[in-house]
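1. no FASTA, just this:
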């Protein structure tokens, strides 16, 4: 199918982008999620504001003990090592398994997070990594913990007049242990269950369970999960009574594998 | 809705066109510029038939608006006539029965060329993973995967052992492999272009 008609605007700077947003425009980045929804006419915005050309929309900068990643940075750039250090290593491995390379060449980390598809990879991984979303609105920048960013299916904590400008990641110690497992029926397909675990030396591990047709479930203290992932899976699944039996089995498997990875030396 | 004026290069030629905001790049290429080698399959980014190169990297042209390609350099399957890696892939696809109806083939070739240049060390599992974004409904994937692997293998032996080889050395090294179809110019160019890509990658590290 072809999209319903819409108007196209290319803001010249960030204030211009915010003005377009206030006038009701839908922001667009790589359009690798929005594009299909437009083609299927599931989304029919009046105007799309194309953010791709804005200054500093893409790019990675180290600022003190944090790494700031412009929302327009592509998955392919992250896959190819744009983010430094241990957290970059983790993110590169995650990025490699997002959709397909031609999609990763266009799709962006910020677009994916702001789109908030429950099955999307960054929606699960960024809360686990302790990221912060940087929103830009008429009153300047606002910091939102990634754990509180996705509030529902395709719903986020962004106000109607705010854009996602960047995400900020903590620099992780080389000894940070990571587990990430997702089930896709085919390489590049949407996940049917995603689990990830981050274990930092001297801290309680954090885990996220996602892709369950709901916003990600963040487990801030995942010590019980690390100790007995099978028993914890049964307990956690009580919170998802509508999942089918095969999906429950995959959730348990995802938790078990991600814990095993994060437990390995 | 009013049309927007964009200018882009397509296969090296400057194009200045008016497009509807909702127009996807694939539709501009096929309908406006009559480059029908780019195929449209699923129209939501899953099947890979519409894969073209934008600014040197493969992209889905069915979910990339033409309006967002203002200033971009686009290369479609028609623009790879002189490309040595693509020549090697075309031969390998024919030899390995990697196509039947041909609908998926332009997208397959653009994706495969990226794999050969970006991942010279890819094994079969990696080639299957990387090519998973291109669907074929005729032959299945064995011939396609074999074709990509054969181009990788031909380039790899020399590329890994002799990263600084020049044309004379590549000819010498490849002398143990006979070809009765094309002669050796395309084959040597293919190996040299993989070497060059690898040298660029090493230099930028």
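-> Nice, I can see it. Note that this is a predicted model, so its numbers are computed, not measured.
2. which residues sit against the worst-scoring helix or strand of chain B on mean pLDDT?
-> Lowest by mean pLDDT, DSSP states H and E among the helices and strands of chain B is helix B:185-204, with a mean of 81. Residues outside helix B:185-204 that contact it (Cβ atoms under 8 Å, 6 or more residues apart in numbering or on different chains) are B:83-85, B:87-88, B:91, B:116-118, B:120, B:151, B:154-155, B:158-159, B:163-165, B:167, B:170-171, B:174, B:177, B:179. C-beta coordinates here come from the backbone N, C-alpha and C atoms, glycine included.
3. same check, this time on stretch B:28-36
-> Contacts for stretch B:28-36 (Cβ under 8 Å, 6+ apart): B:10-11, B:15, B:17, B:19, B:38, B:40, B:52, B:61, B:66, B:74, B:76, B:78.
4. break the chain into its domains for me.
-> No chain in the question, so chain A it is. Domain assignment for chain A by automatic domain parsing gives A:7-47, A:60-170, A:177-263.
5. hmm, I had chain B in mind actually
-> B:4-79, B:83-204.
6. give me whichever of the ones you listed is most buried.
-> Using mean count of other Cβ atoms under 10 Å in any protein chain shown, the stretch among the domains of chain B with the largest mean neighbour count is domain B:4-79, at a mean of 20.
7. give the contact list for residue 125.
-> Defaulting to chain A. Contacts of residue A:125 (Cβ under 8 Å, 6+ apart): A:90, A:91, A:94, A:180, A:196, A:208.
8. can you look at chain B instead?
-> Contacts of residue B:125 (Cβ under 8 Å, 6+ apart): none.
9. find the helix or strand that it is a member of.
-> Using DSSP states H and E, residue B:125 maps to helix B:124-130.
10. then residue B:150?
-> helix B:142-161.
11. what's that helix packed up against?
-> Judged by 3 or more Cβ pairs under 8 Å, 6 or more residues apart in numbering or on different chains; DSSP states H and E, the packing partners of helix B:142-161 are helix B:84-95, helix B:105-118, helix B:124-130, helix B:167-173, helix B:185-204.
12. please look at residue A:127 and residue A:133 and confirm they touch.
-> No. Using Cβ atoms under 8 Å, residue A:127 is not in contact with residue A:133; the gap is 9.9 Å.
13. what do those two both touch?
-> A:145, A:146, A:149.
14. let's verify residue A:143: helix, strand, or coil?
-> Classification of residue A:143 using DSSP: H, G, I helix; E, B strand; the rest coil returns strand.
15. and the closest residue to it other than its chain neighbours, how many neighbours?
-> Using Cβ to Cβ, 6 or more residues apart in numbering or on different chains and skipping the chain neighbours, the partner closest in space to residue A:143 is residue A:132 (5.2 Å). Using other Cβ atoms under 10 Å in any protein chain shown, the number of residues around residue A:132 comes to 19.
16. contacting residues for residue A:132?
-> Counting by Cβ under 8 Å, 6+ apart, residue A:132 touches A:66, A:143, A:144, A:145, A:146, A:167, A:168.
17. so for it, what's the pLDDT?
-> pLDDT, residue A:132: 98.
18. from residue A:68, how far off is it?
-> 9 Å (Cβ to Cβ, to the nearest Å).
19. where do the contact lists of those two overlap?
-> Between them, residue A:132 and residue A:68 share the contacting residues A:167, A:168, judged by Cβ under 8 Å, 6+ apart.
20. picking that back up, tell me which of the contacts of residue A:125 fall in helices.
-> A:90, A:91, A:94 (DSSP state H).
21. nearest to residue B:130, of those residues?
-> Residue B:130 has its nearest neighbour among the ones in helices among the contacts of residue A:125 in residue A:94, at 16.5 Å by Cβ to Cβ.
22. nearest residue to the closest one other than its sequence neighbours?
-> Per Cβ to Cβ, 6+ apart, closest to residue A:94 is residue A:125, 5.1 Å.
23. where does the one you found fall, secondary structure wise?
-> Assigned by DSSP H and E, residue A:125 falls in helix A:121-128.
24. so what pLDDT did residue 128 get?
-> Since no chain was named, I'll use chain A. In this model, residue A:128 carries a pLDDT of 98.
25. oops, wrong one, chain B.
-> 97.
26. likewise residue B:170?
-> At residue B:170, the model reports a pLDDT of 84.
27. mind listing what it touches?
-> Contacts of residue B:170 (Cβ under 8 Å, 6+ apart): B:158, B:162, B:188, B:191, B:192, B:195.
28. likewise for residue A:39?
-> So residue A:39 contacts A:1, A:2, A:3, B:24, B:43, B:44, B:62, B:63 (Cβ under 8 Å, 6+ apart).
29. any idea which of the domains of chain A is most buried?
-> domain A:60-170 (a mean of 20).
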